[in-house]
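1. Coordinates only, no sequence provided:
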């Protein structure tokens, strides 16, 4: 009975980990160059919507028909004060000097994420259960990171490859497992052409849980690349 329960738990854990990995969007070489070298692709400003011109001090008026179509019709009272209205209209139509195109929320979030990731990035790699064998998806993700390390922007930089685990199991076991996983990632990157001397694998077991997470949290199982500053 206990063996069956353990087997069921392990299977559920594997499916949960695979599901979480599948939900994560794949990073690109440009993402790593942005995070570690600060050379980020320029993001195009979003197209202005129909409401956007209001931030520049004027409103759009859509034409309907006829040469005078779209002109606002003034009442008799408004015509009596035409001089003041003309002045107000000129002030309204004057572009605001300080206005700028608005950024979308997604752009702002992406920029904050890039700044937060500078010098340390979770590679989001997964391994076979209780082993240092990279899953097929992890090998593909690691390959993209390896390609970024061969680009001129990162070619001269060194990195720590840090392995981390949760606290399920003993300290000695998790320290050894985290070290083997970090070394496996460094070895795989070296097989792609990255100079092995640029990569220093280190295992921390469950001594460095993520902020706000208990040591037992499965989210602590990760491999991080950390830029070594000269």
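-> Structure received. These numbers come from a predicted model, not from an experiment.
2. May I see the buried residues of stretch 181-195?
-> For stretch 181-195, a neighbour-count test (16 or more other C-beta atoms under 10 Å) marks 181-186, 188-189, 194 as buried. In short, each C-beta sits where N, CA and C put it, glycine included.
3. Just the ones of the residues you listed in helices?
-> 181-186, 188-189 (DSSP state H).
4. distance of the nearest residue to residue 162 once chain neighbours are set aside from residue 36?
-> Among residues not flanking residue 162 along the chain, residue 224 sits closest, at 4.6 Å (C-beta to C-beta, 6 or more residues apart in numbering). Distance of residue 224 to residue 36, given as C-beta to C-beta, to the nearest Å: 12 Å.
5. Kindly report the same for residue 158.
-> Separation of residue 158 from residue 36 (C-beta to C-beta): 11 Å.
6. Neighbour count for the two, which is higher?
-> Neighbours were tallied for residue 158 and for residue 36 using other C-beta atoms under 10 Å; the higher tally belongs to residue 36 (22 against 16).
7. In space, what's closest to that one - neighbours in sequence excluded?
-> residue 227 (5.2 Å).
8. what are the bridge partners for that neighbour, then?
-> Taking DSSP bridges as the rule, residue 227 bridges to residue 159.
9. so where do the strands sit in this protein?
-> Secondary structure of the chain (DSSP state E): strands at 120-122, 158-164, 199-203, 222-228.
10. which of those is buried the deepest?
-> Most buried of those, by mean neighbour count (mean count of other C-beta atoms under 10 Å): strand 158-164, with a mean of 22.
11. And the contacts of that one?
-> Strand 158-164 is contacted by residues 149, 177-183, 185-186, 189, 198-206, 208-209, 220-228, 230 when judged by C-beta atoms under 8 Å, 6 or more residues apart in numbering.
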